[in-house]
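when you get a sec, could you give me coordinates for this:
(one chain, ligands or ions: 2)
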Amino acid sequence: MRIASVVGARPQFVKLAPLHREVVKRHRHIIVHTGQHYDYKMSQVFFEELSIPEPDHNLGVGSGSHGEQTGRMLSAIEEVFMRERPDMVLVYGDTNSTLAGALAATKLLIPVAHVEAGLRSYRRGMPEEINRVLTDHMSDLLLCPTELAMANLEKEGVQKGCHLVGDPMAQVLLEIEPLLDPAVPERFGTRRGGYVLATIHRQENADSRENMESIIEAMLEYDGDIVLPLHPRTAKNLRSWGALSRLEAAGHIKLAEPQGFLAFTSLERHARMVMTDSGGVQKEAYFFRVPCVTVRDETEWVETLEGGWNVLTGADKVRIAAALQRPRPKSEPTLTYGDKHVSQRIVECLEALMASRS
Ligand code: UD1
Ligand code: UDP
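Ligands and ions are numbered 1, 2, ... in the order given. Next up, the predicted model:
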């Protein structure tokens, strides 16, 4: 088979890594990078650290408003698919690259497989929610990470092509955990187990001055180290609001550029706590058994809330402060999001679908 993967954003490169290794065992894999993320630290570093080959096509779409960015991707991906004629297209997660890849393939009658299908926040105002609902309803194969994702799809009447395969990010974490360097926190002027690792990039927070003020206040008042690798969206906004200097002036806040995957997961592994609005980072904290504070009102990864390992605070300064002070949960996390065979199961699903159609 000729299988094309469409990726464009940081978390998609992570999910692509184990899939690529599995696909090329028996098939031709065409990697299409939309160019949604383009800074070295948001893109290339993941290809290098996770041994993913250079994309076959880099569409260089870059940043823009939702319509502009998705539209440019749609037209560029269609052109690639018309030339490459893949038998099947893999899309990952819930970004604009996911939606554009799924739509381009669907219109060309190429079967679509959605990795990380069935997740829901049930908040339509979130761009990712629209992307994932539409992608799920276009897909021929819905590759779900959890039982709950399977149940969500059933509720929406999506029944054909759903498979519980696990989360490819869990596979990556299992593979890289032995490689993580415990000395990484020292590079940030802090020590193992003695800091909060924070990331903020979700549109609803990063683009809202009010939400960011509240989150920054909570960080400034925290009496311990905070390592804060800033997503470029957040960095640009804070700079334009004149708020970056307040963080820079606080000795306990260790501001940093976006980190490579190995440094970042090492920081997660050795943090006292994680504070984030990221989807992937919540799951990774749970994997490493590091308590998490999620600066959102809801999560798609609801399993992480069990036993208090993850707590939702919204962008509320008082709730964030309280969640950062809570004791470590006593019970161990019970769920594993996947094993080392997630990508193998996914490729078997692709092969079964093609066999059933030939
Ligand atoms: C996107 C996804 C989000 C995902 C996140 C992962 C959508 C709608 N959002 O959000 O679901 O969680 O990726 O990180 O697809 N920028 C740079 N350099 C880059 C990339 C972005 O400077 O390499 C800046 C640009 O100013 C850009 C802004 O960040 O406008 C936002 O980038 P964009 O890709 O639109 O959204 P993300 O916030 O990264
Ligand atoms: N990540 C990274 N460096 C960073 C921040 C995040 O390598 O500075 C990784 C993180 O380990 C996870 C993924 O990027 O695998 C999550 O991406 P992000 O939070 O941008 O997106 P989301 O998961 O919310 O879609």
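
which helix runs longest in the chain?
Ranked by number of residues, the top helix in the chain under DSSP state H is helix 66-84.

which helices and strands does it pack with?
Helices and strands touching helix 66-84, by 3 or more Cβ pairs under 8 Å, 6 or more residues apart in numbering; DSSP states H and E, are strand 2-7, strand 28-33, helix 96-107. Every C-beta, even on glycine, is put in place using the N, C-alpha and C of the backbone.

ok, residues contacting the second one?
Contacts with strand 28-33, where a contact means Cβ atoms under 8 Å, 6 or more residues apart in numbering, come from 1-8, 16, 20, 23, 43, 52-59, 77, 80, 84, 86, 101.

filter those to the buried ones?
3-8, 16, 20, 23, 43, 52, 55, 57-59, 77, 80, 86, 101 (16 or more other Cβ atoms under 10 Å).

low-confidence stretches in the stretch 151-300 of the chain?
Low-confidence segments of the stretch 151-300 of the chain (pLDDT under 70): none present.

show me the helices in it, by range?
168-176, 184-187, 203-206, 209-221, 232-240, 244-249, 261-269, 279-287 (DSSP state H, counting those that start in this stretch).

close to ligand 2: what parts of the chain are there?
10-11, 14, 199, 201, 229, 258-259, 261, 264-265, 278-281, 284 (Cβ under 6 Å from any ligand atom).

residue 9: neighbouring residues, count only.
20 (other Cβ atoms under 10 Å).

that one reaches residue 35, doesn't it?
No - between residue 9 and residue 35 there is no contact under Cβ atoms under 8 Å: 10.2 Å.

ok, residue 292 - contacts?
Counted by Cβ under 8 Å, 6+ apart, residue 292 has contacts 273-276, 281-282, 285-286, 304, 309-311.

do you know how far residue 89 is from residue 6?
Distance of residue 89 to residue 6, computed by Cβ to Cβ, to the nearest Å: 6 Å.

mutual contacts of these two, please.
101, 104.

nearest to ligand 1, of the helices of the stretch 151-300 of the chain?
The closest of the helices of the stretch 151-300 of the chain to ligand 1 is helix 232-240. By Cβ to the nearest ligand atom, the value is 3.2 Å.

list the buried ones in that closest one?
Neighbour-count burial for helix 232-240, counted by 16+ other Cβ under 10 Å, picks out 232-235, 237-238.

for these, work out which two are farthest apart.
232 and 238 (10.8 Å; Cβ to Cβ).

might one say that residue 256 is in contact with residue 226?
No - assessed by Cβ under 8 Å, residue 256 is found out of contact with residue 226, at 10.7 Å.

neighbour count winner among those two?
residue 226 (24 against 16).

bridging residues for the more buried one?
Taking DSSP bridges as the rule, residue 226 bridges to residue 196, residue 253.

measure it to ligand 2 for me?
Distance, residue 226 to ligand 2, by Cβ to the nearest ligand atom, to the nearest Å: 14 Å.

right, and that residue touches residue 195 too?
Yes - taking contacts as Cβ under 8 Å, residue 226 lies within contact range of residue 195: 6.4 Å.

tell me, what's touching the two both at once?
Taking Cβ under 8 Å, 6+ apart as the criterion, residue 226 and residue 195 both touch residue 254.

so which of the helices and strands packed on helix 66-84 is nearest ligand 1?
Comparing the helices and strands packed on helix 66-84 by Cβ to the nearest ligand atom, helix 96-107 comes nearest, at 3.9 Å.

what pLDDT, on average, does that closest one get?
Helix 96-107 comes out with an average pLDDT of 98.

minimum distance to ligand 2, which residue of the stretch 1-150 of the chain gives it?
Residue of the stretch 1-150 of the chain nearest ligand 2, by Cβ to the nearest ligand atom: residue 11 (3.9 Å).

so who does that residue touch?
By Cβ under 8 Å, 6+ apart, the contact set of residue 11 is 92-93, 169, 278-280.

report the two of those residues separated the most.
92 and 278 (15.1 Å).

and those two? which has more neighbours close in?
residue 92 (28 against 21).

look at residue 333 and report its pLDDT.
On the pLDDT scale, residue 333 gets 89.

count of neighbours near residue 121?
19.

oh, I was asking about residue 290
Number of residues near residue 290 (other Cβ under 10 Å) recorded here: 21.

buried stuff in stretch 240-247?
Buried-residue list, stretch 240-247, by 16+ other Cβ under 10 Å: 244, 246-247.

first-to-last residue distance for it?
Length of stretch 240-247, first residue to last, Cα to Cα, to the nearest Å: 14 Å.

does the residue nearest to residue 124 when sequence neighbours are not counted sit in a helix, a strand or a coil?
Nearest non-adjacent residue to residue 124, counting by Cβ to Cβ, 6 or more residues apart in numbering: residue 130, 6.6 Å away. Under DSSP: H, G, I helix; E, B strand; the rest coil, residue 130 falls in the helix class.

residue 130 against residue 121, yeah?
No - taking Cβ under 8 Å as the definition, residue 130 is not a contact partner of residue 121, at 10.6 Å.
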